[in-house]
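The following comprises the amino acid sequence and a computationally predicted model.
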Amino acid sequence: MEVRWPASAFAANKADHPHLDYGLLERDTRSQGRVRKGAPFLAPGAPTWAAADAA
């Protein structure tokens, strides 16, 4: 599924659309930290990517 959002959907473009209320969008937006390497489903004690890279 491809989703295309209009430019007005982004708070970064707020100045271009002064007639729109971005309050809810700004209150509901969070920052996400960076993930260096993903390995979400490792069992406890399983080798990690970092350990494999160091070998």
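Arrived safely, thanks for sending.

Please name the nearest non-neighbouring residue to Lys14.
Tyr22 (5.0 Å; Cβ to Cβ, 6 or more residues apart in numbering). Where you see a C-beta, it was placed from the backbone N, CA and C, and this is true even at glycine.

At the geometric centre of this protein, which residue do we find?
The chain has Gln32 as the residue nearest its centroid, 5.2 Å off, counting by Cα atoms, centre = their mean.

where are the low-confidence patches of this structure?
37-42, 46-55 (pLDDT under 70).

At which residues are the helices of the chain located?
23-28, 49-54 (DSSP state H).

Can you give the contact residues for the first one?
For helix 23-28, the surrounding residues in contact (Cβ atoms under 8 Å, 6 or more residues apart in numbering) are Ala11.

Likewise for stretch 7-17?
By Cβ under 8 Å, 6+ apart, stretch 7-17 touches 20, 22, 25-26, 29.

Show me which of these are buried.
The neighbour-count test (16 or more other Cβ atoms under 10 Å) marks Tyr22 as buried among those.

any chance of the contacts of stretch 7-17 in a markdown table, plus distance to Ala9?
Shown next, in a markdown table, are the contacts of stretch 7-17 (distance: Cβ to Cβ, whole Å):
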| residue | distance to Ala9 |
| --- | --- |
| Leu20 | 10 |
| Tyr22 | 10 |
| Leu25 | 8 |
| Glu26 | 13 |
| Thr29 | 12 |
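
Show me which pair in the contacts of stretch 7-17 is furthest apart.
Leu20 and Thr29 (14.9 Å; Cβ to Cβ).
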